[in-house]
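> Following is a predicted model, sequence given first.
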There are 2 protein chains.
Amino acid sequence: MPFLEKKKKALDEKSPVPLHVQLTAILEKQIESGYFNKKIPSERELMETYHVSRSTVRVAVLTLVQEGILEKRHGKGTFVSNKPVQGWLKITNDTENSAEQDIKLLDYRRILTPDHIKLKLEYENECYYIERLMLTDQTPVAVERHYYPTEAHIKINASGSEQIISCEPVNKTDAENLKITRGMYVLSSESIMYSSNGDLVEYCKGLFRPDLSPIHLKMSRNTLTKCEKRYPIDLI
Amino acid sequence: MPFLEKKKKALDEKSPVPLHVQLTAILEKQIESGYFNKKIPSERELMETYHVSRSTVRVAVLTLVQEGILEKRHGKGTFVSNKPVQGWLKITNDTENSAEQDIKLLDYRRILTPDHIKLKLEYENECYYIERLMLTDQTPVAVERHYYPTEAHIKINASGSEQIISCEPVNKTDAENLKITRGMYVLSSESIMYSSNGDLVEYCKGLFRPDLSPIHLKMSRNTLTKCEKRYPIDLI
DNA sequence: TTCGATTTGTACGTATGTATT
DNA sequence: AAATACATACGTACAAATCGA
């Protein structure tokens, strides 16, 4: 029987896995569990808690910064990032930033999960449904349909997503909303977002007028550098 | 008149800009100029050359590693990355990896630059033109049209790109090649790739059958994690 | 195969600078 | 002005991977 060891957080110096990797893992778990509200302990505090040097702490923290999980602010501290995973597909309304953006709520209710969504929502029977019309200078440019699991936390930050882009003929209602003729095609974007523990957070399907809102990606060697904005999702 | 100073590479300790930032800039320039063939000097050599500590060298190199410009290999050294920027849009042929991929060359010649491309190719009068048909299991799924500046180096690595995705009605020839009926819509992807010094390397327009090859993006918080493959571009 | 040399990885320590509160 | 937090920079030492003699 082991001694009374309540200090579960301790690094194993004899382990072949490096100290900074162990520390990274501990921090990541604590962050996921919501143990830190927004700010994590300072480098000095982490040094003392885990009996490691400052450089070890810095490497561990840096790893999580690179993964987008933490953010450092000089003179202030290190904070849990609330940068969501969404926001990579920039809708380049040809009319530039000066344009007036607007969102019109078309529908919002709790519904029985449609069959074709069920698979993606992990077979939940009910879900929340939001349908919105996006406008730029009073011109409709997109329709978005969001589906959320009923027990999902509101305002959770997604940590991963998948997106499938295609095009398809528009149906009657959407055509009317987008003010285009029936039979025209629209750009479609299906996206599924996951939380850090793998749960599904949201399924969304967007239909875009290809003439008014193509999808614009800007990339450098390692990352997407400029696809800042998707329409924000503010749950009521 | 300045003294005879051939030693252009020296860091300014009194400068407000950190040493590791200065070193990063020097290395980046040398890399771009092709000064290093593949391997850059070891950490020890850089320490001695620039009279800085190992940690300073490591920070500078790490910066370039994060930007995807360098790659480290334990026990071997640090190397100039040749990971190209292309290869982010994964064409998810619904028929999986097992499927037989094929490319049919439709056209390849030197042409007068079409007007609508001229702007993108920086007003060059002539360019190389390649038109290819992509097939999966003998089924045509996409048409790609590549335009290269005539004096561009072959097999250069792009370091940045922009991509615009939309959809449009297909013309007669493309419809025949893709074996779809005229009037149908296709997914279109315009992409422009730049070299590290900002020169344009390639302009490409791809037309995809939306039913057979939607565009699939997989993302984590900071990066695209799984959009490995675009059709390889092997110049004859 | 073994051994040494080289190179990056890990980890410690110390000191000082700069931003924020 | 002082305390706190991260940034920069120096130093040392040993471990682990690689390669060639």
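Nice, I can see it. Since this is a predicted model, take the numbers as computed values, not measurements.

> quick one: contacts for the residue of chain A found nearest DNA strand D?
Residue of chain A nearest DNA strand D, by C-beta to the nearest atom of the strand: A:Ser42 (3.2 Å). Glycine gets a C-beta too; all of them are placed from N, C-alpha and C. A:Ser42 makes contact with A:Gly77, A:Thr78 under the criterion C-beta atoms under 8 Å, 6 or more residues apart in numbering or on different chains.

> just A:Cys167 next, same as before
By C-beta under 8 Å, 6+ apart, A:Cys167 lies in contact with A:Tyr185, A:Val186, A:Leu187, A:Ser188, A:Pro210, B:Cys167, B:Tyr185, B:Val186, B:Leu187, B:Pro210.

> Now do stretch A:24-43: distance to the chain's middle.
19 Å (C-alpha atoms, centre = their mean, to the nearest Å).

> What average pLDDT does it get?
Summarised as a single mean, pLDDT over stretch A:24-43 is 91.

> ok, is that stretch in contact with DNA strand C or not?
No - residues of stretch A:24-43 are not located near DNA strand C by C-beta under 7 Å from any atom of the strand, the shortest gap being 9.5 Å.

> Now do the buried residues in stretch A:166-173.
Residues A:Ser166, A:Cys167, A:Val170 are the ones in stretch A:166-173 that count as buried (16 or more other C-beta atoms under 10 Å in any protein chain shown).

> same check, this time on stretch A:134-148
A:134-136, A:139-148.

> what is the mean pLDDT for it?
Averaged across stretch A:134-148, pLDDT comes to 88.

> That one and chain B in contact?
No - against chain B, stretch A:134-148 shows no contacts by C-beta under 8 Å from any C-beta of the partner chain, the least distance being 12.5 Å.

> so how far is that stretch off the chain centroid?
With C-alpha atoms, centre = their mean, you get 19 Å for stretch A:134-148.

> Quick check: residues of chain A near DNA strand D?
A:16, A:40, A:42-45, A:54-55, A:58, A:72-78.

> need the next SSE after the helix or strand bottoming out on mean pLDDT in chain A, C-terminal direction.
Ranked by mean pLDDT, DSSP states H and E, the helix or strand of chain A with the weakest confidence is strand A:90-91, at a mean of 42. Next in sequence after strand A:90-91, counting helices and strands by DSSP states H and E, comes strand A:101-112.

> where exactly do the helices run in chain A?
A:19-32, A:43-50, A:54-66, A:115-118, A:172-178 (DSSP state H).

> any weak-confidence spans in chain A?
For chain A, residues meeting the criterion pLDDT under 70 lie at A:1-9, A:83-99, A:121-123, A:152-158, A:196-197, A:221-236.

> Domain-wise, how is it divided?
Domains of chain A are assigned by automatic domain parsing as A:1-85, A:87-216.

> do you know which of those lies nearest B:Thr63?
Nearest to B:Thr63, of all the domains of chain A, is domain A:1-85, at 11.4 Å by C-beta to C-beta.

> related to what we said a few turns ago, give me the buried entries from the residues of chain A next to DNA strand D.
Among the residues of chain A next to DNA strand D, those classed as buried by 16+ other C-beta under 10 Å are A:Ile40, A:Glu43, A:Arg58, A:Thr78.

> surely A:Glu126 meets A:Ile111?
Yes - checked against C-beta atoms under 8 Å, the pair A:Glu126 and A:Ile111 is within contact range at 6.9 Å.

> For A:Glu48, see how far away the residue of chain A closest to DNA strand D is.
Distance, A:Ser42 to A:Glu48, using C-beta to C-beta, to the nearest Å: 10 Å.

> Please apply the same query to A:Ile31.
For A:Ile31 relative to A:Glu48 (C-beta to C-beta), the value is 19 Å.

> Among the two, which residue is more densely surrounded?
A:Ile31 (17 against 12; other C-beta atoms under 10 Å in any protein chain shown).

> In contact with the residue nearest to A:Ala10 when sequence neighbours are not counted, which residues?
Leaving aside its sequence neighbours, A:Ala10 sits nearest to A:Tyr50 (C-beta to C-beta, 6 or more residues apart in numbering or on different chains; 7.3 Å). Residues near A:Tyr50 by C-beta under 8 Å, 6+ apart: A:Lys9, A:Ala10, A:Leu11, A:Leu19, A:Leu23, A:Ile26, A:Val57.

> Which of those sits closest to A:Glu162?
Using C-beta to C-beta, the contacts of A:Tyr50 come closest to A:Glu162 at A:Ile26, 28.8 Å.

> and that closest one, how many neighbours?
Neighbour number of A:Ile26 under other C-beta under 10 Å is 18.

> Likewise for A:Thr113?
22.

> Could you measure from it over to B:Ser33?
The spacing between A:Thr113 and B:Ser33, counted by C-beta to C-beta, is 58 Å.

> Just give me how far stretch A:37-50 sits from the chain centre.
Distance of stretch A:37-50 from the chain centroid (C-alpha atoms, centre = their mean) equals 26 Å.

> mind saving the C-alpha coords of it as PDB?
What follows is stretch A:37-50 as a C-alpha-only set of coordinates in PDB (Å, rounded to 0.1, in the frame of the first residue of the first chain):
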ATOM      1  CA  ASN A  37     -10.500  29.900 -15.100                       C
ATOM      2  CA  LYS A  38      -8.600  32.000 -17.500                       C
ATOM      3  CA  LYS A  39      -5.100  32.600 -16.200                       C
ATOM      4  CA  ILE A  40      -2.700  29.800 -15.500                       C
ATOM      5  CA  PRO A  41      -0.100  30.000 -12.700                       C
ATOM      6  CA  SER A  42       2.900  32.100 -13.400                       C
ATOM      7  CA  GLU A  43       6.200  30.600 -14.500                       C
ATOM      8  CA  ARG A  44       7.600  31.100 -11.000                       C
ATOM      9  CA  GLU A  45       4.700  29.300  -9.400                       C
ATOM     10  CA  LEU A  46       4.900  26.400 -11.800                       C
ATOM     11  CA  MET A  47       8.600  26.100 -11.100                       C
ATOM     12  CA  GLU A  48       7.900  25.800  -7.400                       C
ATOM     13  CA  THR A  49       4.900  23.500  -7.700                       C
ATOM     14  CA  TYR A  50       6.600  21.000  -9.900                       C
END
